[in-house]
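Chemist: here is my input, please return the structure:
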Amino acid sequence: MLARVIKAVLLRSIEQGGTTLKDFLQSDGKPGYFAQELQVYGRKGEPCRVCGTPIVATKHAQRATFYCRQCQK
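Modeler: Numbering: from 1, shown residues only. Next comes the predicted model:
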């Protein structure tokens, strides 16, 4: 099931031009629009769109991880 969901998310991302973070642009100069569908990334302190619990961010090896403590156990 997980592999099927990952494939579906990747296909949706490709259809929308990918996820543009910061100053990245596609080869045609356009940004990707999939970032609008991200449920937790970059939303520290904002309410989870599913349960309303504030989104948490932690850092590991200079990388940020965003998650909902209620929904993502």
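Chemist: can I see the domain layout of this structure?
Modeler: With domains defined by automatic domain parsing, the chain comprises 1-38, 39-73.
Chemist: distance of the residue of the chain positioned farthest from its centre from Ser13?
Modeler: The outermost residue of the chain, judged against the average C-alpha position, is Asp28 (22.8 Å), by CA atoms, centre = their mean. As judged by CB to CB, to the nearest Å, Asp28 and Ser13 stand 17 Å apart. Quick note: C-beta positions are derived from backbone N, CA and C, even for glycine.
Chemist: in this structure, where is pLDDT below threshold?
Modeler: Applying pLDDT under 70 to the chain flags the ranges 19-26, 31-36.
Chemist: could you pull out the helices in it for me?
Modeler: Using DSSP state H, the helices found in the chain span residues 2-15.
Chemist: ok, back up a step: measure the residue farthest from the centre of the chain to Gly45 for me?
Modeler: Taking CB to CB, one finds Asp28 at 35 Å from Gly45.
Chemist: cool, Cys51 as well?
Modeler: Distance from Cys51 to Gly45, counting by CB to CB: 15 Å.
Chemist: Leu11 too?
Modeler: From Leu11 over to Gly45 the distance is 31 Å, taken as CB to CB.
Chemist: how about Ser13?
Modeler: For Ser13, the distance to Gly45 (CB to CB) stands at 25 Å.
Chemist: neighbour count: these two, which is higher?
Modeler: Set Ser13 next to Gly45 and count neighbours by other CB atoms under 10 Å: Ser13 wins out with 17 against 8.
Chemist: so Arg43 sits right up against Thr53, yeah?
Modeler: No: counting by CB atoms under 8 Å, Arg43 does not reach Thr53; the two are 11.6 Å apart.
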